[in-house]
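> Could you look at this predicted model? Sequence included:
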Amino acid sequence: MRVFNCDHCGHLVFFDSVQCLHCGNTLAFVPDQLTMATLAPAPQDGAGLWRRMGERGGGASTGKLYRMCSNRAAYGACNFAVPANDYSPLCVSCRQTRVLPDLSEPTNLGRWQQVEAAKRQLFYTLARLGLEPVPGRAGPVFEFLADWPGGPQVLTGHQGGTITLNVSEADDDERARRRIALGEPYRTLIGHLRHESGHFYWDQLVQGGARLEEFRRVFGDERADYAAALQAHYAKGGDVGPWAERHVSAYASAHPWEDWAETWAHYLHMVDLLETAASYQLGVTVPTPPSGPQPAMRHTVTDPFGSPAPSFDDMVGQWVPVTLLLNSLNRSLGQSDAYPFALSAGAMVKLRFVHDLVQAVRQPPAQAA
């Protein structure tokens, strides 16, 4: 996720910002331009309208008109804006959510706010890849649900274009409990949504397509009994064999569909983190012994969404030192590794398949201003 600058004063602002802390102006993300915008009230143009401010210090001028997503005023749950000529009260991200938990329950309100924030991050990355929404097709829809006494447990998953998430995953203690119980080194809200979006995009981009047979050669035959495969996987507990030789995670070894979804999520992790690093103009030199046979090499991170886009090999060459730095910084603060993975050559083959497929089908996204 890149960082942004306030249109008015140039101060650094972030994707989830609602106000510039330097100049105090109102901020919103404008999905039609894929950027953060500084907005000024424009009551002269209509009730509830805001106008994007012009050049820094120039105040409101002839910028585009917007309305705030209604979830911002009602719940403080969104910072996206809606173009004035789009008459939906909800932004393009919030309108994808079809079912909400009971928001009269304060715990659910806080959980839902966190889930929507993660979904907006997913929306941004998919939009930068030119995949949101899928050209000519509807995008995924979401149901965010909570368990209730006596009712069935809400399971996170994907079915027929609908992504369901149990909002208890927004609770740090519950997420940690499940991470430990399932032997997972990494479990986050954005990770869940990226994984489940992988199932959606398999249906859209692989199923019945020209590269289905290639998918089966790389990931395996998805026609294998899915329910039986998951049952067998969970029956093994923590002993799932040498999965790391060919998969990005232990869960990926359960079935080709899960292998794809885990690899897809990992690819989204990669492009998001590299975009963040590139926006800070990060260069990383991996230390080597002074007497080593070769001098240390500096890796300068390039924007994975840039033009021209870096090759997959270039991305991997930047990814490894960036994640080494990230984990070293975390350890210096007494935290666990932020990136607890070591990708094998077999996993890289699958990541390359995802990269090549995305590059082949992607549409030109809105230009990030």
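Cool, got the structure.
> switch to C-alpha atoms for all contacts and neighbour counts from now on
OK.
> got the phi/psi numbers for Leu39?
Note on Leu39: its backbone torsions stand at phi -120, psi 140 [degrees, to the nearest 10].
> pretty sure Leu103 contacts Arg111?
No. Using Cα atoms under 8 Å, Leu103 is not in contact with Arg111, being 9.5 Å away.
> Mind checking which of those two has more residues around it?
Arg111 (20 against 13; other Cα atoms under 10 Å).
> so what does the helix or strand containing the more buried one touch, helix or strand wise?
Arg111 is part of helix 106-128, with elements assigned from DSSP states H and E. Contacts defined by 3 or more Cα pairs under 8 Å, 6 or more residues apart in numbering; DSSP states H and E place helix 106-128 against helix 189-205, helix 256-279.
> Let's have the ones you listed in CSV, adding mean neighbour count.
Listed next are the helices and strands packed on helix 106-128 as CSV, based on neighbours: other Cα atoms under 10 Å:
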stretch, mean neighbour count
helix 189-205, 21
helix 256-279, 22
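> Mean pLDDT and distance to Val358 added to the ones you listed, as JSON lines?
Shown next, in JSON lines, are the helices and strands packed on helix 106-128 (pLDDT from 0 to 100; distance: least, Cα to Cα, whole Å):
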{"stretch": "helix 189-205", "mean pLDDT": "95", "distance to Val358": "9"}
{"stretch": "helix 256-279", "mean pLDDT": "97", "distance to Val358": "10"}
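> State the helix or strand in which Ala176 lies.
Short version, using DSSP H and E: Ala176 is in helix 172-181.
> what's the angle from that helix to helix 189-205?
Helix 172-181 and helix 189-205 are oriented at 70 degrees to each other (axes from the mean of the first three to the mean of the last three Cα atoms, to 10 degrees).
> Which positions in helix 172-181 come out as buried?
Residues 175-176 are the ones in helix 172-181 that count as buried (16 or more other Cα atoms under 10 Å).
> Would you mind putting the CA coordinates of it into CSV?
Coordinates of each C-alpha in helix 172-181 appear next as CSV, following Å, rounded to 0.1, in the frame of the first residue of the first chain:
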residue,chain,number,x,y,z
ASP,A,172,-6.9,-10.3,18.5
ASP,A,173,-7.3,-12.9,21.2
GLU,A,174,-9.7,-15.1,19.1
ARG,A,175,-7.5,-14.9,16.0
ALA,A,176,-4.5,-15.8,18.1
ARG,A,177,-6.3,-18.8,19.6
ARG,A,178,-7.3,-20.1,16.2
ARG,A,179,-3.8,-19.5,14.8
ILE,A,180,-2.3,-21.6,17.6
ALA,A,181,-5.0,-24.3,17.5
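> what does the average pLDDT come to for it?
The average pLDDT for helix 172-181 rounds to 79.
> Give me the helices and strands touching it, please.
Looks like helix 172-181 contacts no helix or strand (3+ Cα pairs under 8 Å, 6+ apart).
> residue closest to the middle of this protein?
Closest to where the C-alpha atoms of the chain average out (Cα atoms, centre = their mean) is Leu122, at 3.3 Å.
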